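**Student:** coordinates only, no sequence provided:
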């Protein structure tokens, strides 16, 4: 089984207020429905296993663009919105944080009765993926959140997160069922994050002898075990780590900075510039407005352009997830307060487009795809550059008019 990537985020605490949580659930459901409409449930599972796409999704939903809380809140919002519609959508999310993570196997068995999926095998995959990241890979992060998303075909993605209180960081692990293999012999395409030196990694194929030695030791008489530990000095002093080198890997790795404010280096100014051009430039504003609804203003068009990219964008479009926070800001006020009026308009338009598509009228959903294609075309042909600081200042000046709100307001 292949781990598809990791994300390292500053460890933040707090609670998502209901005014944002309810909107996150609605937007998360609408985006999920749009993705499923275009790419099927397998496409949704694949995206959930991508750490960059997942981060962009959280940003466009108004969560803090870089914090560990984005994982808990996005998964909670999706589970809240998706599961009541599981039969219709063909997807389901199990698990969660703390005690809810331990309920994952039971939830998998229950939904498997509905989906006709191999519940026992899926429950085993859930337990093993958690064991590998929490026990076989001893990188200093203790797993506290585990979720398992699946579809009717039995394809799945695991998103789980560990914390390291010493470093003040959280690490999110993504798994994808696309490739079957061993859970104990190189199940990951790589383990990527901030270099912590040498770590214990019993899931490395080079650790086979070490695994056998551990099993042999566990099968010896307890008195002999004690003698061995005393001889090694491991009973009276801190255990020493088995040192296995961390190998080079090409797994997608997202490492986010500690600073709260969105800085110029965090965003592709060319990509954001294309979005702003499509929304505001006179040459394109009439065209983009005609794509969707008469009366849709440029600020809503800006949000829709970023939301459409989450639905239709290729994997390489999510290398700067902070850019997606320019759709609906962030609950902590970075890059700007959440514009509730714009957020609600975005939800309304996307829900309407999905609803019409379900009855065969794809005009509005196709318009969203054309909007995304237009911004990519502008980016490649006109190469506009956005002044990130100026955009943030502008958003903050009009925040009150747009119903801007933060957890502090």
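**Tutor:** Okay, I see it. These numbers come from a predicted model, not from an experiment.

**Student:** in what helix or strand does residue 275 lie?
**Tutor:** Taking DSSP states H and E as the definition, residue 275 sits inside helix 269-280.

**Student:** tell me the mean pLDDT for that helix?
**Tutor:** Mean pLDDT, helix 269-280: 93.

**Student:** what packs against the following helix or strand past that helix?
**Tutor:** Next in sequence after helix 269-280, counting helices and strands by DSSP H and E, comes helix 282-291. If you count contacts as 3 or more CB pairs under 8 Å, 6 or more residues apart in numbering; DSSP states H and E, helix 282-291 packs onto helix 269-280, helix 298-312, helix 363-381. C-beta here means a position set from N, CA and C on the backbone, and glycine is covered the same way.

**Student:** any idea how far stretch 314-330 is from the chain center?
**Tutor:** 12 Å (CA atoms, centre = their mean, to the nearest Å).

**Student:** okay, how far is it across that stretch, tip to tip?
**Tutor:** 24 Å (CA to CA, to the nearest Å).

**Student:** tell me how far the residue nearest the centre of the chain lies from residue 158.
**Tutor:** By CA atoms, centre = their mean, the chain has its centre lying nearest to residue 54, at 2.4 Å. In this view, residue 54 and residue 158 are 12 Å apart by CB to CB, to the nearest Å.

**Student:** which residue ranges of the stretch 151-300 of the chain form strands?
**Tutor:** Here the stretch 151-300 of the chain has its strands, by DSSP state E, counting those that start in this stretch, at 156-164, 169-176, 200-201, 253-255.

**Student:** what's downstream of the longest helix along the chain, the next helix or strand?
**Tutor:** Using DSSP state H to define each element, the chain has its longest helix at helix 18-48. The first helix or strand that comes after helix 18-48 along the chain, using DSSP H and E, is helix 51-60.

**Student:** what packs against that next one?
**Tutor:** Here helix 51-60 touches strand 2-10, helix 18-48, helix 69-82, strand 169-176, strand 253-255, helix 298-312, helix 325-328, going by 3+ CB pairs under 8 Å, 6+ apart.

**Student:** relative to residue 128, which of these is closest?
**Tutor:** With CB to CB, the closest approach to residue 128 among those belongs to strand 169-176: 9.8 Å.

**Student:** and that closest one, what's buried?
**Tutor:** 169-176 (16 or more other CB atoms under 10 Å).

**Student:** circling back: what do residue 54 and residue 158 both touch?
**Tutor:** The contact sets of residue 54 and residue 158 overlap at residue 174 (CB atoms under 8 Å, 6 or more residues apart in numbering).

**Student:** pLDDT weak spots in the stretch 151-300 of the chain?
**Tutor:** 179-251, 293-294 (pLDDT under 70).

**Student:** mind running it again at 50?
**Tutor:** Along the stretch 151-300 of the chain, the model assigns pLDDT under 50 to residues 187-193, 211, 214-215, 217-218, 234-249.

**Student:** list the contacts for the closest residue to residue 320 other than its chain neighbours?
**Tutor:** In space, and not counting its chain neighbours, residue 320 is closest to residue 268: 4.6 Å by CB to CB, 6 or more residues apart in numbering. Residues in contact with residue 268 (CB under 8 Å, 6+ apart) are 319-320, 323.

**Student:** of the residues you listed, closest to residue 50?
**Tutor:** Using CB to CB, the contacts of residue 268 come closest to residue 50 at residue 319, 11.3 Å.

**Student:** quick one on the thing from earlier: so which of the helices and strands packed on helix 282-291 comes closest to residue 59?
**Tutor:** helix 298-312 (8.6 Å).

**Student:** give the buried residues for the closest one.
**Tutor:** 299-312.

**Student:** and which of those residues is nearest residue 350?
**Tutor:** Of all those, residue 350 sits closest to residue 307, with 6.4 Å by CB to CB.

**Student:** for that closest one, report the pLDDT, please.
**Tutor:** 98.

**Student:** distance of it from residue 83?
**Tutor:** Using CB to CB, one obtains 22 Å as the distance from residue 307 to residue 83.

**Student:** residue 178 now?
**Tutor:** Distance, residue 178 to residue 83, by CB to CB: 23 Å.

**Student:** repeat that for residue 32.
**Tutor:** From residue 32 to residue 83 the distance is 11 Å (CB to CB).

**Student:** more neighbours, these two?
**Tutor:** Legend: neighbour count by other CB atoms under 10 Å for residue 32 and residue 83, higher for residue 32 (23 against 15).

**Student:** pull the contacting residues for the more buried one.
**Tutor:** 44, 78, 81-82, 89, 91.

**Student:** coming back round to it: most neighbours among the contacts of residue 268, please name it.
**Tutor:** Highest neighbour count within the contacts of residue 268: residue 323, with 27 neighbours (other CB under 10 Å).

**Student:** please tell me I have it right and that residue contacts residue 272.
**Tutor:** Yes - under the criterion of CB atoms under 8 Å, residue 323 makes contact with residue 272 at 5.3 Å.

**Student:** stretch 122-133 - what's its average pLDDT?
**Tutor:** Stretch 122-133 shows a mean pLDDT of 90.

**Student:** for whichever strand or helix holds residue 149, buried residues please.
**Tutor:** Using DSSP H and E, residue 149 maps to strand 142-151. Buried residues in strand 142-151, counted by 16+ other CB under 10 Å: 143-151.

**Student:** which of those residues sit farthest apart?
**Tutor:** 144 and 151 (25.8 Å).

**Student:** what's next to the helix holding residue 275, contact-wise?
**Tutor:** By CB under 8 Å, 6+ apart, helix 269-280 touches 284-285, 288, 298-299, 301-302, 305-306, 317, 320, 323, 326, 371, 374-376, 378-379, 382-388, 391.

**Student:** contact partners for the nearest residue to residue 62 once chain neighbours are set aside?
**Tutor:** Excluding the flanking residues, the one nearest residue 62 by CB to CB, 6+ apart is residue 328, at 4.2 Å. Counting by CB under 8 Å, 6+ apart, residue 328 makes contact with 60-62, 303, 338-339, 342-343, 346.
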